[in-house]
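Trainee: Task: produce atomic coordinates for the following.
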Amino acid sequence: MSPGARRCIRTDDMERKLLQIAVAIAGIVPVGAGLGGIIYGPQFLELPNSASSWSHLHYLAGLLLTIGLIFWASIPRIECYRDRFALLTLIVFTGGLARLIGALALGDAPGKGMMVALAMELIVTPSLWAWQRRIATQ
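Mentor: Residues are numbered from 1 along each chain as shown. Purely as a prediction, here's the structure:
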């Protein structure tokens, strides 16, 4: 049994399948954004093209890609990874809070891309965590 997994009993197959599908779809966002940042660098986010922009963006894009891949790796036995889901959700939610605080501090209305990111970080990911938690405790 892998670290972070616990002995678990399969839950309602239909609800489990729906959660697996939801996590697979939601995972497209961090994996896609991570790959976009790695491949296109600062141009992906219309940032200045400098060595430090490339370096910082590649690092953060790698983290984002990894978060998405770890969520995806949890899909086959999704009911078994309570701790993994909790940690990933904490990381994503904290990043979303930092993004929101930064936007509020600037006093600038967030654009469409930032609104989607905030929704994923502050609403979708915690909702998936709560759903996974409920299935894992059944």
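Trainee: Please count neighbours and contacts with C-alpha atoms only from this point.
Mentor: Noted.
Trainee: measure residue 127 to residue 22 for me?
Mentor: According to Cα to Cα, to the nearest Å, residue 127 and residue 22 sit 11 Å apart.
Trainee: And for residue 29?
Mentor: 12 Å.
Trainee: more crowded one of these two?
Mentor: Per other Cα atoms under 10 Å, whichever of residue 29 and residue 22 has more neighbours is residue 29, with 17 against 14.
Trainee: Identify the residues contacting the more buried one.
Mentor: By Cα atoms under 8 Å, 6 or more residues apart in numbering, the contact list for residue 29 reads residue 68.
Trainee: In terms of pLDDT, where does it sit?
Mentor: As predicted, residue 29 sits at a pLDDT of 96.
Trainee: continuing past the helix or strand hosting it, what's the next helix or strand?
Mentor: Following DSSP states H and E, one finds residue 29 within helix 28-40. As assigned by DSSP H and E, the chain's next helix or strand after helix 28-40 is helix 51-73.
Trainee: chain center to the helix or strand that that next one is followed by: distance?
Mentor: Beyond helix 51-73 in the direction of the C-terminus, DSSP H and E gives the next helix or strand as helix 82-106. When C-alpha coordinates are averaged (Cα atoms, centre = their mean, to the nearest Å), helix 82-106 and its chain have centres 9 Å apart.
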